[in-house]
Every structure is written in structure tokens, then in C-alpha cells.
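J.: generate a structure from the sequence data that follows.
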Amino acid sequence: MTKRFSNRKKTILAITATLAFTGIFFITYSILQNRENPDMTAAFIEEHMRNDNGTLATYLKPAPSEHPDIVAGREALSESLGLWMQYAILSGDQARFDESVQLLTTYFLHQDKETYIRWKLRPDGRSDVTTNALGDDLRILDALLKASRLWDNNESYLPLAKRIGSTLQASSQTKGYLVDYHDFERNESPAVLSLVYADISALREMEQIGILSSQDYARYQDLLFHMPNDGVFYPKTFQIGSGQYEYDTSVNLIDQLIVGIHLAEMNHPPRELISFLKEEFQQNGQLVGRYHRETRKPDAAYESPAVYALAIILALKTDDLPWAQQLYDRMTQFRSQDPAYPGGYVFDGNTHAFDNLFPLLAEAMLKNTAR
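T.: Residues are numbered from 1 along each chain as shown. You can find the predicted model right below:
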């Protein structure tokens with residue numbers, strides 16, 4: 001009797017494993033076979049989001065800049081450049097990557113006394129800012145360091161990364177922490193680190209190559225590992241002077257997802273946040289851009305392709321391919337809605353670069369996972 005029960009149990013387990021494998025197979029097959037051309041969004045960016053000098057415009061529609069600290073129209077961001085470089089890495093396109101490095105060194109890189117990356121450019125490539133943006137810098141550093149391993153036929157990536165990293169270490173730190181930005185003209189920095197900028201992947205790359213010490217890298221690990229949450233959401237900033245974490249009342253889901261990705265890359269997945277997102281999506285069929293922190297209710301009506309893209313990346317970082325596929329199906333419903341811009345996530349004749357670049361990254365990661 002015991003032997004018969006044992007055999008029956010083995011049979012049930014074998015059937016369960018077969019069904020699970022079959023489900024994953026069909027999810028993978030649908031990702032590879034039943035999608036639009038994944039290069040469509042890249043083609044849209046190339047055709048419609050490029051300025052004459054090759055830099056990536058922030059918005060599709062031109063608009064005058066009213067303040068140097070606020071991006072407008074066809075101005076270009078170092079954020080966009082870093083995301084484009086990461087896409088080149090994921091798609092194995094060294095020519096695209098090298099073109100991006102050329103844009104970096106020609107337009108974004110200030111190289112007089114200190115080598116730093118200007119966070120914003122005019123459409124013609126000139127700049128009115130004398131500040132960097134830490135998150136963008138680390139994304140670009142991460143891409144350069146990965147490229148130096150992936151394509152060792154180019155020996156320029158590593159020295160460039162070291163120059164940028166050295167400036168960050170020398171100029172953009174307060175009490176041992178990198179900070180959100182440094183004004184190189186005024187020699188001023190805030191004593192704050194936005195947790196979305198604690199890019200653990202980039203910091204790990206910097207530590208492995210010796211740009212960052214092991215002790216400094218461990219400090220950022222501790223910062224994230226010991227970061228509180230309110231049961232779902234994470235703080236917005238770490239105040240370096242007081243050592244306190246601070247929350248926003250209205251939570252930007254893009255920030256939450258990026259912090260969640262950092263945690264997942266430390267093998268410390270944000271389980272409460274993921275559970276909340278899954279429940280929201282199951283109940284409402286969507287994720288919105290902002291939530292009220294205390295009530296957990298939507299604090300905005302809009303959906304963002306970038307939100308879905310980052311949720312896909314988080315799902316992939318936590319090995320949840322079925323969840324990634326559900327998010328992908330929702331995200332791509334927003335693609336090519338404007339027939340004048342196939343492949344683009346365009347609404348009312350306009351779009352933001354990151355609403356196309358993050359989906360491009362997510363799709364490339366999904367495609368690589370499904371291979």
C-alpha cells in the first residue's frame with residue numbers, strides 16, 4: 001500500500017512538472033513568435049527622436065526651454081544616452097554603442113578641469129548647465145564597464161569610465177556617499193542621495209574594476225539592505241547629514257520599481273511591493289503612475305509605458321516570466337497607437353524619450369530571457 005501510494009505521488013509530481021514546463025514553453029514561444037518586430041521602437045527612436053547632431057530628444061514635439069533646470073522639447077538628456085547605451089549592450093550592437101560613446105565625448109562630456117557629464121543639452125548640443133546627475137552617470141558607467149568586457153577590441157571604454165568615476169569620487173561625495181548632483185561651477189553639492197540613484201549594478205561594476213573600494217561598495221549595500229519600507233513602498237531619499245530616510249506622500253511608481261530592481265540585483269527581492277503590484281494589476285487591469293502612500297490608492301489617472309517596462313524588468317530579475325509576459329501584453333497595447341509613428345509610444349502627437357527607451361530595454365531583456 002505504501003509503495004503504491006509512493007508511485008502515485010511520483011506520477012502526480014511528474015505530471016505537475018510536465019505541465020509547468022509546458023506552460024513556460026508556450027510563454028517563451030509566444031514571446032518569440034507572436035510579437036511585433038522588436039526593432040520597431042528602436043526604428044521609431046532613430047527616425048523621430050534624433051536631433052540633427054545625433055543626440056536623442058527628450059520629447060517628440062519641439063518646445064522652448066523656460067528654465068535651465070527643467071527639460072523641454074528637443075533638449076537631450078544624459079539619462080536618454082545611458083538607456084540607449086544599455087540597449088546597445090543588450091542587443092549586442094557595438095556600432096550603436098560606439099556612436100553613443102562619440103555623442104558622450106563630443107557633447108555631454110565636460111573635459112576642461114574635471115571630466116563630468118552634463119545632464120542636459122540644448123537641441124544643438126550646447127549646454128547651459130554645470131551639473132551632473134548621479135543616476136545617469138552611473139548608468140553610463142555601468143554600460144562602459146560592461147562594454148569593456150563584452151567588446152575587448154576597443155580599449156577606450158575602460159579609461160573613459162575611470163575618468164568619469166574618478167571625478168564622481170573626488171567631487172560628488174558627502175560624508176562618504178555619492179550625492180544626487182554636483183554643481184561644478186559653484187562647487188556645491190546637496191547632502192542627499194535619492195535611493196533610485198543607488199545603482200547597485202553600476203556600483204558593483206565600479207568595485208570590481210577598482211574605481212570604488214570594497215568598503216564603499218559595502219556601504220551602499222547596507223544602505224539598501226537596511227532601508228525601511230512602510231509595508232509596501234520604499235523611501236524616496238536618504239538624508240546624509242541626519243542619516244534619515246524620507247518618504248514622499250505621493251509615490252512615483254517609476255522610482256519604486258527602480259529601487260525594487262536594485263534590491264532584486266542584491267538577491268533581496270521587494271516581495272511586498274511585488275505583491276501589491278500584482279494585486280493592483282489583477283483587480284484593476286492596470287498600474288498607474290502614482291499612488292498615495294498611506295491609502296495605497298491611485299494618485300494619478302495615467303498609465304506609463306515606462307512603468308510597465310520597469311515592472312517587466314523587475315519580474316525578470318525575480319525569475320517571474322509569466323508575470324513579465326502579462327505586463328508585456330499590457331505595455332504593448334500602448335505601442336503604435338498613432339499610425340504616423342509606428343513602433344512609438346506616442347499619445348496626442350507627443351512622447352517622452354523614457355516612455356520608449358525603458359520599453360525597448362524591457363523587450364530586449366525579455367527576448368534574451370526567452371532564447
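
J.: show me the strands in this structure, by range?
T.: Remark: strands assigned in the chain by DSSP state E are 76-77, 109-110, 116-117, 120-121, 173-174, 177-178, 192-194, 237-239, 244-246, 250-252, 290-292.

J.: could you export those strands to TSV, including columns for mean neighbour count, distance to Glu363 and mean pLDDT?
T.: Placement of C-beta: from N, CA and C, glycine included. As requested, those are exported to TSV (neighbours: other C-beta atoms under 10 Å; distance: least, C-beta to C-beta, whole Å; pLDDT from 0 to 100):
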stretch	mean neighbour count	distance to Glu363	mean pLDDT
strand 76-77	26	21	98
strand 109-110	17	29	96
strand 116-117	23	26	97
strand 120-121	24	27	97
strand 173-174	16	36	91
strand 177-178	20	30	96
strand 192-194	20	27	98
strand 237-239	18	31	98
strand 244-246	13	33	98
strand 250-252	17	23	97
strand 290-292	19	24	98
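
J.: export those as CSV, with columns for distance to Ile209.
T.: CSV is the format used below for these (distance: least, C-beta to C-beta, whole Å):
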stretch, distance to Ile209
strand 76-77, 26
strand 109-110, 19
strand 116-117, 18
strand 120-121, 28
strand 173-174, 18
strand 177-178, 16
strand 192-194, 22
strand 237-239, 25
strand 244-246, 29
strand 250-252, 32
strand 290-292, 37
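
J.: quick one: contacts for the nearest residue to His292 once chain neighbours are set aside?
T.: Distance criterion C-beta to C-beta, 6 or more residues apart in numbering; nearest residue to His292, sequence neighbours excluded, is Asp299 at 4.5 Å. With contact set as C-beta atoms under 8 Å, 6 or more residues apart in numbering, Asp299 has these partners: 250-251, 288, 290-292.

J.: switch to 6 Å and redo it
T.: 250, 290-292 (C-beta atoms under 6 Å, 6 or more residues apart in numbering).

J.: would you state the helices of the chain in chain order?
T.: 2-33, 40-48, 78-90, 94-103, 134-150, 157-171, 200-209, 214-225, 253-265, 271-284, 305-317, 321-331, 354-370 (DSSP state H).

J.: please identify the deepest-packed of the ones you listed.
T.: helix 305-317 (a mean of 26; mean count of other C-beta atoms under 10 Å).

J.: list of residues touching that helix?
T.: Outside helix 305-317, the residues that reach it (C-beta under 6 Å, 6+ apart) are 253-254, 257, 260-261, 264, 287, 289, 323-324, 327-328, 330-331, 334, 345, 354-355, 358-359, 362, 365, 369.

J.: surely Met40 meets Gly344?
T.: No - Met40 is not in contact with Gly344 according to C-beta atoms under 6 Å; the separation is 8.3 Å.

J.: of all the strands of the chain, which lies closest to Pro68?
T.: Proximity to Pro68, assessed across those by C-beta to C-beta, is greatest for strand 120-121 (7.7 Å).

J.: can you list the low-confidence ranges for this structure?
T.: 1-38 (pLDDT under 70).

J.: what does the domain assignment say about it?
T.: With domains defined by automatic domain parsing, the chain comprises 1-34, 75-226.

J.: nearest to Glu246 among these would be which one?
T.: Using C-beta to C-beta, the nearest of those to Glu246 is domain 75-226, at 8.7 Å.

J.: who touches the residue nearest to Tyr308 when sequence neighbours are not counted in this structure?
T.: Excluding the flanking residues, the one nearest Tyr308 by C-beta to C-beta, 6+ apart is Met331, at 3.6 Å. Met331 makes contact with 305, 308, 359, according to C-beta under 6 Å, 6+ apart.

J.: that older thread, and Ala143, which of the strands of the chain is closest to it?
T.: Smallest distance to Ala143 across those (C-beta to C-beta): 12.2 Å, for strand 116-117.

J.: rewinding a little: turn the helices of the chain into CSV, columns for distance to Pro123.
T.: Below are those laid out as CSV (distance: least, C-beta to C-beta, whole Å):
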stretch, distance to Pro123
helix 2-33, 37
helix 40-48, 14
helix 78-90, 13
helix 94-103, 13
helix 134-150, 18
helix 157-171, 24
helix 200-209, 28
helix 214-225, 35
helix 253-265, 25
helix 271-284, 36
helix 305-317, 22
helix 321-331, 28
helix 354-370, 18
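
J.: which one of the ones you listed lies closest to Tyr245?
T.: Using C-beta to C-beta, the nearest of the helices of the chain to Tyr245 is helix 214-225, at 9.2 Å.

J.: how far off centre is that closest one?
T.: 20 Å (C-alpha atoms, centre = their mean, to the nearest Å).

J.: residues in contact with it?
T.: Counting by C-beta under 6 Å, 6+ apart, 198, 203, 207, 262 sit against helix 214-225.

J.: endpoints of stretch 50-68, how far apart?
T.: Distance across stretch 50-68, first residue to last, is 21 Å (C-alpha to C-alpha, to the nearest Å).

J.: list the buried residues of that stretch.
T.: 51, 55-60, 65 (16 or more other C-beta atoms under 10 Å).

J.: report the distance from that stretch to the chain centre.
T.: Worked out by C-alpha atoms, centre = their mean, stretch 50-68 lies 21 Å from the chain centre.

J.: try stretch 89-98
T.: Stretch 89-98 sits 17 Å away from the centroid of its parent chain (C-alpha atoms, centre = their mean).

J.: send me stretch 208-222 as PDB with only the CA atoms.
T.: Extracted in PDB, the C-alpha atoms of stretch 208-222 (Å, rounded to 0.1, in the frame of the first residue of the first chain):
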ATOM      1  CA  GLN A 208      35.200  45.100  -9.400                       C
ATOM      2  CA  ILE A 209      37.400  47.300 -11.500                       C
ATOM      3  CA  GLY A 210      38.800  49.300  -8.500                       C
ATOM      4  CA  ILE A 211      37.000  52.600  -9.100                       C
ATOM      5  CA  LEU A 212      35.200  52.100  -5.900                       C
ATOM      6  CA  SER A 213      36.600  50.500  -2.800                       C
ATOM      7  CA  SER A 214      35.100  47.300  -1.200                       C
ATOM      8  CA  GLN A 215      34.300  49.300   1.900                       C
ATOM      9  CA  ASP A 216      32.400  52.000  -0.100                       C
ATOM     10  CA  TYR A 217      30.500  49.300  -2.100                       C
ATOM     11  CA  ALA A 218      29.500  47.600   1.200                       C
ATOM     12  CA  ARG A 219      28.200  51.000   2.400                       C
ATOM     13  CA  TYR A 220      25.700  51.100  -0.400                       C
ATOM     14  CA  GLN A 221      24.700  47.500   0.100                       C
ATOM     15  CA  ASP A 222      24.000  48.300   3.700                       C
END
